[in-house]
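Colleague: Provide a 3D model corresponding to the input given below.
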Amino acid sequence: MLAPLIAILDDEPTIREMLAEALDKAGFRTACYARATEFEAALTRAVPDVCLVDLGLPDRDGLALVHRLALESGAVIIIISGRAQVQDRVTGLELGADDYIIKPFDPAEVVARIRARLRRPPTAERHQNIAGFEGWSADFDRYVLRADDGREVALSHAEGEVLRLFLESPRRMISRAQMQESLGGTAGESFDRAMDVRISRLRTKLGEDPRNPRLIKTVYGAGYIFLGNVTWG
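Modeller: All right, here's what the predicted structure looks like:
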């Protein structure tokens with residue numbers, strides 16, 4: 001079985017080399033790119049398991065690229081950037097990134113974050129990757145929702161992992177702390193706002209009434225609960 005492939009997109013050679021060395025030693029495969037055009041061309045040949053993306057790219061808006069990757073690739077997306085403002089982190093997570101690491105960083109932290117993102121929760125190992133619920137099926141190999149009429153709706157990796165968490169624990173309240181522990185990331189305002197956005201987008205894609213959602217209910221001050229009936233297989 002091939003080791004996970006990590007794509008490193010950063011215009012600084014020292015950053016690429018440092019990350020590639022740390023990841024190679026940790027047992028991952030790596031591919032490095034200095035420009036977005038090179039990276040996007042490589043995506044047509046193989047989709048990485050994880051994309052490490054710098055926002056300050058010379059030929060493309062980094063946030064726009066993150067958003068496209070979130071919708072189309074199904075890869076784990078981790079932003080690595082020198083932009084340290086809370087709003088920058090929130091925007092990156094809202095656009096579909098799974099995590100946000102601020103430069104300068106310790107390569108060991110990046111390796112640990114990647115391992116945490118690629119590690120499936122133990123409950124996921126007991127299920128296949130397709131779940132049916134309330135007129136929908138969720139395919140976690142392709143990260144798509146499929147309606148009974150055959151219509152398909154794409155999920156970002158981040159949205160898909162939130163939905164997976166709900167579907168693995170239906171009719172049980174999931175606290176913010178449990179979400180943070182299961183999904184990774186750093187607790188705080190940016191994580192909370194990112195979760196709010198992902199859940200809002202999931203509700204929209206499921207055709208939920210935002211004022212009175214039927215499936216994903218907010219338990220104010222506590223967390224969320226998924227009320228649908230779920231079957232795996």
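Colleague: just say helix, strand or coil for the residue nearest the centre of the chain.
Modeller: Geometric centre of the chain, nearest residue: A158, 2.8 Å, by C-alpha atoms, centre = their mean. Recorded secondary structure, A158: helix (DSSP: H, G, I helix; E, B strand; the rest coil).
Colleague: let me know the pLDDT of it.
Modeller: pLDDT recorded at A158 is 82.
Colleague: show me the contacts for it.
Modeller: Residues near A158 by C-beta atoms under 8 Å, 6 or more residues apart in numbering: A70, I77, L93, G96, A97, D98, A194, R198. Every residue, glycine included, has its C-beta placed from N, CA and C.
Colleague: ok, it to L71 distance?
Modeller: Look at A158 and L71: by C-beta to C-beta, to the nearest Å, they are 11 Å apart.
Colleague: okay, and the common contacts of those two?
Modeller: Common neighbours of A158 and L71, counting by C-beta under 8 Å, 6+ apart, are G96.
Colleague: what comes up buried for the helix ranked longest in the chain?
Modeller: Longest helix in the chain by number of residues (criterion: DSSP state H): helix 189-205. Buried residues in helix 189-205, counted by 16 or more other C-beta atoms under 10 Å: S190, F191, R193, A194, M195, V197, R198, I199, R201, L202, R203.
Colleague: can you lay out those as TSV showing pLDDT?
Modeller: Converted to TSV, the buried residues of helix 189-205 look like this (pLDDT from 0 to 100):
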residue	pLDDT
S190	67
F191	71
R193	77
A194	77
M195	82
V197	82
R198	85
I199	90
R201	87
L202	91
R203	93
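Colleague: closest to D141 among those residues?
Modeller: L202 (18.2 Å; C-beta to C-beta).
Colleague: doesn't L163 make contact with that closest one?
Modeller: Yes - contact status for L202 versus L163: in contact at 5.8 Å, counting by C-beta atoms under 8 Å.
Colleague: what touches both of these two?
Modeller: Here L202 and L163 have L155 as joint contacts, going by C-beta under 8 Å, 6+ apart.
Colleague: could you count how many residues lie near the nearest residue to L63 once chain neighbours are set aside?
Modeller: With sequence-adjacent residues excluded and distances taken as C-beta to C-beta, 6 or more residues apart in numbering, L63 is closest to L95, at 5.8 Å. Applying other C-beta atoms under 10 Å, we find 23 residues neighbouring L95.
Colleague: contacting residues for L95?
Modeller: Applying C-beta under 8 Å, 6+ apart, one finds that L95 lies in contact with L63, V66, H67, A70.
Colleague: low-confidence ranges, the protein, go.
Modeller: 119-128, 184-190 (pLDDT under 70).
Colleague: how about the helices in it?
Modeller: Secondary structure of the chain (DSSP H): helices at 13-25, 36-43, 62-72, 86-94, 107-118, 157-168, 176-183, 189-205.
Colleague: starting at the chain centroid, how far to stretch 133-149?
Modeller: Distance of stretch 133-149 from the chain centroid (C-alpha atoms, centre = their mean, to the nearest Å) equals 18 Å.
Colleague: ends of that stretch, how far apart?
Modeller: 14 Å (C-alpha to C-alpha, to the nearest Å).
Colleague: got it, and stretch 216-229?
Modeller: In stretch 216-229, first residue to last residue: 12 Å (C-alpha to C-alpha).
Colleague: can you mark which positions in that stretch are buried?
Modeller: I216, G223, Y224, I225, F226, G228.
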